[in-house]
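Enquirer: Need coordinates for the following:
(chains A and B)
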2 protein chains.
Amino acid sequence: MQVAIVVFEGVTLLDAVGPYHVWRSLPGVEVVWVAERPGVVGDGRGGAVVAEYGLEEVARPDVVCVPGGPGQEALMGGGAVVDWVRAVDEGSAWTVSVCTGALVLAAAGLLEGRRATTHWLARGELGAWGVRVVEERVVFDGKYASGAGVSAGIDVALALGGRLVGVEAAQRVQLMSEYDPAPPWDAGSPGRAPGSVVAWARERSRFCR
Amino acid sequence: MQVAIVVFEGVTLLDAVGPYHVWRSLPGVEVVWVAERPGVVGDGRGGAVVAEYGLEEVARPDVVCVPGGPGQEALMGGGAVVDWVRAVDEGSAWTVSVCTGALVLAAAGLLEGRRATTHWLARGELGAWGVRVVEERVVFDGKYASGAGVSAGIDVALALGGRLVGVEAAQRVQLMSEYDPAPPWDAGSPGRAPGSVVAWARERSRFCR
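Expert: Modelled structure (predicted):
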């Protein structure tokens, strides 16, 4: 089973690496990094990953995953990445987004009328694409799976992992990753973070930085 | 403030990228990737990051962080990475480990008699270095901070972030990362995962794969 994670300049690394870690640890799953051109792909913040493959080299992944990040905005007008996502979706068993990666799926025309989630600050923009935006951390609608902002990639990857290889095999990955999270504060959702923290975030010009 | 994350062949990417994401989002913090030689550093599983700096180029980081991964074993006998960790620790305000990165700190002689945590399967090995191993997800002892396995890097990074720049600034990062985790199962700790899952993990030859 081949899982393709597409990366682009300005991707948020954790959006991609959380799911990568989960899926590459599942039995029988190969995860490949794909970009418009193979090679180093920077996040615009000093971090970089290496895409082994160019888009044209990965034509029929079983699972395709689109992470988010500030660089997603540059993809929205269409182009090679959006075209590739639309094309490989035709053959995929699962098409997945993390954070504002959902906007790329929407731009590819894949989410119209579907239930999906995204970064909490991008819900309005996702809704404008005709998506039924759900305020949940992980959303499945048919073969489409979406995770909320950044760190939710781990949760959507585990949930999908259970469907790909069975719950027990996915739980093994959870245990080996010691994914028993204990955030120091209850500040990770706009509904429960301190009001001053939420206000600060809302004043930011864009999401997912 | 400069934070240096040291990476090596066979590093577990999520160990490093979780803290990277948290710290690079804090105001006034620069995060640099450091390796024995600058350039591409592979995880041995198909993933790779890029280290911008070689060890000799980063002499006095305010924070140094050592992630874990299967490649950590090759470092344990000593050599450039362990020597560098020992040297920069002399000037650091904080020295941090994630997962089996704690073993590298121990090999550098930094944790003897100190309280620290590590991947749950590596507790015995860490204790053999004279460390007072604590079964907690995040442990602080003086200027030393350690996180448990893999995903605990996010938690230790947030907790340290609160100390570096204040709780509210760290909570902003938590909210922007939507770190409100919701694992699909309660299988992330050996105390609560299904017995068959724990037994499978214990039978594995090594931790942190």
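Enquirer: quick one: the helices in chain A?
Expert: Counting by DSSP state H, chain A forms helices over residues A:13-24, A:80-89, A:101-107, A:123-127, A:152-165, A:167-176, A:195-203, given from the N-terminal end onward.
Enquirer: what sits against the residue nearest to residue A:22 when sequence neighbours are not counted?
Expert: When the adjacent residues along the chain are set aside, residue A:22 lies closest to residue A:157, with 3.8 Å between them (Cβ to Cβ, 6 or more residues apart in numbering or on different chains). Glycine gets a C-beta too; all of them are placed from N, C-alpha and C. Counting by Cβ atoms under 8 Å, 6 or more residues apart in numbering or on different chains, residue A:157 touches A:18, A:19, A:21, A:22, A:23, A:96, A:147.
Enquirer: again, only this time at 7 Å
Expert: Residue A:157 makes contact with A:18, A:19, A:22, A:23 under the criterion Cβ atoms under 7 Å, 6 or more residues apart in numbering or on different chains.
Enquirer: Please verify my assumption that the last one contacts residue A:30.
Expert: Looking back up the chat, that one is residue A:23. No: look at residue A:23 against residue A:30 with Cβ atoms under 7 Å: they stay out of range, at 9.0 Å.
Enquirer: Tell me how far stretch A:68-81 lies from the chain's centre.
Expert: Averaging C-alpha positions (Cα atoms, centre = their mean, to the nearest Å) puts stretch A:68-81 13 Å from its chain's average.
Enquirer: sorry, that was for stretch A:45-63
Expert: Using Cα atoms, centre = their mean, the distance between the centre of stretch A:45-63 and that of its chain works out at 14 Å.
Enquirer: near chain B, anything from it?
Expert: Yes: using Cβ under 7 Å from any Cβ of the partner chain, stretch A:45-63 reaches chain B at A:45, A:46, A:47, A:48, A:49, A:50, A:52.
Enquirer: Buried ones among the residues you listed?
Expert: When those are checked for burial by 16 or more other Cβ atoms under 10 Å in any protein chain shown, the buried set is A:45, A:47, A:48, A:49, A:50, A:52.
Enquirer: Point to the residue nearest the middle of chain A.
Expert: Nearest residue to the geometric centre of chain A (Cα atoms, centre = their mean): residue A:98, 2.0 Å.
Enquirer: So what's the residue count around the closest residue in space to it that isn't next to it in sequence?
Expert: On the basis of Cβ to Cβ, 6+ apart, the spatially nearest residue to residue A:98 that is not a chain neighbour turns out to be residue A:153, at 3.8 Å. Residue A:153 is flanked by 32 other residues according to other Cβ atoms under 10 Å in any protein chain shown.
Enquirer: Wait, residue A:153 touches residue A:146, no?
Expert: No: with contacts defined as Cβ under 7 Å, residue A:153 does not count as touching residue A:146, sitting 10.1 Å away.
Enquirer: any bit of the worst-scoring helix or strand of chain A on mean pLDDT sitting next to chain B?
Expert: Taking mean pLDDT, DSSP states H and E as the measure, helix A:195-203 is the helix or strand of chain A with the lowest mean score, a mean of 93. Yes: residues of helix A:195-203 are located near chain B by Cβ under 7 Å from any Cβ, namely A:196, A:197, A:198, A:200, A:201.
Enquirer: so where's chain A shaky on pLDDT?
Expert: A:205-209 (pLDDT under 70).
Enquirer: try 50 this time
Expert: Residues of chain A meeting the criterion pLDDT under 50: A:208-209.
Enquirer: just to revisit the earlier point, report the buried members of the residues of helix A:195-203 next to chain B.
Expert: Neighbour counting by 16+ other Cβ under 10 Å classes A:197, A:198, A:200, A:201 among the residues of helix A:195-203 next to chain B as buried.
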